[in-house]
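# Sequence plus the predicted model coming up.
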Amino acid sequence: MKFPFGSTDGMDTDSDSIRFVTLPPVEVSSETTPSGHFYSEFLKVHIPLVRDAVHELTRSNSVRLSGFVIDMFCTHMIDVADEFGVPSYLFFPSGAAFLGFLLHVQFLHDYEGLDINEFKDSDAELGVPTFVNSVPGKVFPAWMFEKENGGAEMLLYHTRRFREVKGILVNTFIELESHAIQSLSGSTVPEVYPVGPILNTLMRSGGGQQDASAIMSWLDDQPPSSVIFLCFGSRGSFGADQIKEIAYGLEHSGHRFLWSLRQPPQKGKMEFSSGYENIEEVLPEGFLHRTARIGKVIGWAPQIAVLAHSAVGGFVSHCGWNSLLESIWYGVPVATWSMYAEQQINAFQMVKDLGLAVEIKIDYNKDSDYVVSAHEIENGLRNLMNINSEVRKKRKEMKKISRKVMIDGGSSHFSLGHFIEDMMDSKVI
């Protein structure tokens, strides 16, 4: 199934072991459906199509259906799996600590009367078993406070249904989130399978081969580990005042940089950010000229290829979980600048619990009026590029571990095998 807006690169070609089935398009109006419910409703209307597709796949006696693996927002499909008499497993694309956070908050809300809104814009903290440190309300996902558009209700609904599945595959590995995974083990939560890092490391050129070639050519001319890469995800964009502060912070830091600068979508539109037609219009006067020798400002960025390049020594990231795993895979230290969704709590975990990132801003929200100052940015960049920092040493070690867990004998390789065995041994309900 494909969403009716935006586009992202993905795998859609059959292989020897995977077959892709494209479902017919459906219509769900984003204008009449509350924004917090849109994704959930869009997926819900696919239930008959999924049911028919599975019927078609299993008509032959040569195909045995062992179970469903569903995304965290596809919990409606648990009902379809039940109709076929097979178990459901959940794939959770974020980390184990955040999974535990959602389950803990849902339990406190449903059974102990927790009012989540008490934590909105608050310094109050919540003890969460999967986090080493208490979690401050200012890093809670903004969805949790969205009553009017249904975001909080939607999140609680899906989290309740997490408990109905037989197991949860999490895009993490034991050595990265040992405390969180241990906290989930033996609890009332379904069995957790840490199977990450699951990454698409293909060097794609989604923004155009010509753009990618120019970017990589520029990086080829830079010294090793000298460049700061700034990239804030498919929805990451800033207002004019914040753009200027970033520019001044970069300039004053003196470090080389590659900055992916994106234009916000039209207000109210469910779209990804896009490139500027004239980038000079939003930058301080003379900035491009003054930084021409040390910096490059771009639109779209081939993030995987950039992080893999030896010239890159630091990554200013919005802290989406995939981006954090990619930075670990390539051993690039991160400075946190969270934007939306669960990114604030990811940033908090990386800085406070794991010591794997430095902070520019943990609790920044793209919808707020707060502007991070050039001074804060400059300090964060200097900390990021400190060659003797503990964060850099830990990153180097975690890079080695992240590669080992995926091969035979590694923890995630074993966990994935354990999941496959459990699914294949499942009895028809």
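Received the coordinates, thanks. Numbering: from 1, shown residues only.

# Was I right to think residue 80 contacts residue 53?
No. Using Cβ atoms under 8 Å, residue 80 is not in contact with residue 53, being 10.0 Å away. (C-beta placed from N, C-alpha, C; glycine too.)

# Among these two, which residue is more densely surrounded?
The neighbour comparison of residue 80 against residue 53 (other Cβ atoms under 10 Å) goes to residue 80, with 20 against 16.

# what does whichever strand or helix holds the more buried one contact?
Using DSSP states H and E, residue 80 sits in helix 77-84. Contact with helix 77-84 is made by 43, 47, 50-51, 54, 58, 65, 67-68, 70, 87-88, 161, 164-165, 429, as judged by Cβ atoms under 8 Å, 6 or more residues apart in numbering.

# can you pull the pLDDT of the nearest residue to residue 331 once chain neighbours are set aside?
Of all residues not flanking residue 331 in the chain, residue 399 sits nearest, at 3.4 Å (Cβ to Cβ, 6 or more residues apart in numbering). The per-residue pLDDT reported for residue 399 equals 98.

# now residue 399: how far from residue 325?
11 Å (Cβ to Cβ, to the nearest Å).

# ok, these two, which is more surrounded?
residue 325 (22 against 15).

# residues contacting the more buried one?
Residue 325 neighbours (Cβ under 8 Å, 6+ apart): 171, 196, 197, 198, 199, 402.

# Which helix or which strand is home to the third one?
Here residue 197, judged by DSSP H and E, is contained in no helix and no strand.

# Find the least confident helix or strand in this structure, judged by mean pLDDT.
strand 274-275 (a mean of 64; mean pLDDT, DSSP states H and E).

# picking up where we left off before, farthest-apart pair in the contacts of helix 77-84, please.
58 and 161 (23.7 Å; Cβ to Cβ).

# how far does stretch 27-39 stretch from start to finish?
The first residue of stretch 27-39 is 12 Å away from its last residue (Cα to Cα, to the nearest Å).

# likewise stretch 107-122?
21 Å.

# ranges for the strands of this structure?
68-71, 88-92, 125-126, 135-136, 167-170, 191-194, 227-231, 256-260, 262-263, 274-275, 295-298, 312-317, 334-337, 357-361 (DSSP state E).

# still on that earlier bit, show me the contacts for the residue nearest to residue 331.
Here residue 399 is in contact with 328, 329, 330, 331 (Cβ under 8 Å, 6+ apart).

# What about residue 49, how many residues nearby?
Count around residue 49 with other Cβ under 10 Å applied: 15.

# what's the closest non-adjacent residue to it?
residue 23 (4.6 Å).

# I'd say residue 359 and residue 351 touch.
Yes. At 5.0 Å, residue 359 and residue 351 qualify as touching, with contact defined as Cβ under 8 Å.
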